[in-house]
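Participant: okay, predicted coordinates and the sequence, questions at the end:
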Amino acid sequence: LDRMKKSMPGIRVEPLPAQLQRMRMIKDPTEISTIKRGIGVVKEIFSYLPGIIKPGVSEQAISAEIHRRLILGGFNKIYDIFVASGANSATIFYRKNKGILEENSLVLIDICAAIDYYVCDLTRTFPTSGVFNDRHKQLIWEVESVHTELVRALPKGGSLSSLSDLARDLFRTHGLDRNY
């Protein structure tokens, strides 16, 4: 929103009226069908990915395959596809997709795309070996714990910066700050 305001000086941006926000919460059968169709495509993609996530494969190749499948599935707007392996998976909003998958590492994949103006934004983590080892399971548990604590501690109306600071503190508490 800030970028939009800066790029269009003189334009006033206001939040939607509460009545309109409430109207958008209720979906008609066509909207529900579109949302289910989009989720189905992304679910198929996530089901396909374990077969191509292997050591030596590039993040870029996986991103390209996801992009191809989204287009074939009817998505008309692709916002971001993050494929972040190894240390890259701990980088918030890692966008480069330039890494090569390593043996016994994790790959975080975030897909954000729209089908008929309805956005699907889903994230999953996969092991490059095909199986989560004990260290992977422990790391996922720790990150989920940080997430739970973060949601509980979220200040109402807090800024993105304060949220990031809080997340960094929680990662530090769990010994994960080197990955933040």
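Facilitator: Arrived safely. Residues are numbered from 1 along each chain as shown.
Participant: checking Ala113 next. Helix, strand or coil?
Facilitator: Per DSSP: H, G, I helix; E, B strand; the rest coil, the local secondary structure of Ala113 is strand.
Participant: quick check: the residue positioned nearest the centre of the chain vs Arg12, distance?
Facilitator: The geometric centre of the chain, computed from its C-alpha atoms, lies nearest to Asp110 (CA atoms, centre = their mean), at 3.5 Å. Per CB to CB, to the nearest Å, Asp110 is found 32 Å from Arg12. Placement of C-beta: from N, CA and C, glycine included.
Participant: now do the end-to-end distance for stretch 122-137.
Facilitator: One end of stretch 122-137 sits 20 Å from the other (CA to CA, to the nearest Å).
Participant: what about that stretch, distance to the chain center?
Facilitator: 16 Å (CA atoms, centre = their mean, to the nearest Å).
Participant: and the helices in this structure?
Facilitator: 2-7, 18-25, 29-48, 59-72, 134-153, 160-173 (DSSP state H).
Participant: in a markdown table: these, plus mean neighbour count, mean pLDDT and distance to Lys98.
Facilitator: Converted to a markdown table, those look like this (neighbours: other CB atoms under 10 Å; pLDDT from 0 to 100; distance: least, CB to CB, whole Å):
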| stretch | mean neighbour count | mean pLDDT | distance to Lys98 |
| --- | --- | --- | --- |
| helix 2-7 | 9 | 74 | 24 |
| helix 18-25 | 9 | 78 | 37 |
| helix 29-48 | 15 | 96 | 21 |
| helix 59-72 | 17 | 98 | 6 |
| helix 134-153 | 13 | 88 | 23 |
| helix 160-173 | 14 | 84 | 24 |
